[in-house]
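1. return a 3D structure for these sequence lines:
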Amino acid sequence: MNRFAYCPKCREVFETQMLNMKYEYGCKCPTPNCDGEAFGIDEEMIIPIDILNQKGYKTMWCCSGHVFTENGGDGYIAFIEGSFPKTIPDGWYSDEKYNAIRYRVPNKSPILKRKDVVKHIDNLIEWAVKLPSQK
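-> Residues are numbered from 1 along each chain as shown. Model (predicted):
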């Protein structure tokens, strides 16, 4: 899983090493004339997070899920207050405590976990495309 940074304002994607940024934290976007903030993002989440942010569903943190994590490794997207969508993707559930949506990665072999992660990311993208704009 590659680590990147994404700026929802200018929609640019950067390698985190280029920004000299710790993955968990954001930083000022390096794009000239952009005053946005880039944040760490898994490669698999760039497309759905971009779609959500462009439609007005502002996100804070996300994770695509982990194949090689023995316990946990679930996928999630946390939304900024007031940006939570009215529906959630198939196979995901609402986590009201953290204003997030999540899916559980079952404790299976890495091959089966990967299939599960891909299925959930595909469901997420299809759902995000169908969401109405919140702008």
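2. might you report the residue contacts of the residue nearest the centre of the chain?
-> In the chain, the C-alpha nearest the mean C-alpha coordinate belongs to residue 62, at 3.7 Å (CA atoms, centre = their mean). Neighbouring residues of residue 62 by CB atoms under 8 Å, 6 or more residues apart in numbering: 41-42, 45, 49, 75-78. Just so you know, the C-beta spots here come from the backbone N, C-alpha and C atoms, and that holds for glycine as well.
3. quick check: the farthest pair among those?
-> 42 and 78 (13.7 Å; CB to CB).
4. neighbour count for these two, which is higher?
-> With neighbours defined as other CB atoms under 10 Å, residue 42 and residue 78 compare such that residue 42 has more, 21 against 17.
5. how far away is the nearest residue to the more buried one once chain neighbours are set aside from residue 129?
-> Spatial nearest neighbour of residue 42, chain neighbours left out: residue 64 (4.1 Å); criterion: CB to CB, 6 or more residues apart in numbering. As judged by CB to CB, to the nearest Å, residue 64 and residue 129 stand 17 Å apart.
6. so between the two, which is more surrounded?
-> residue 64 (26 against 11).
7. so which bits of the helix or strand harbouring residue 125 are buried?
-> Using DSSP states H and E, the element containing residue 125 is helix 110-130. For helix 110-130, a neighbour-count test (16 or more other CB atoms under 10 Å) marks 113-114, 116-117, 120-121, 123-125, 127-128 as buried.
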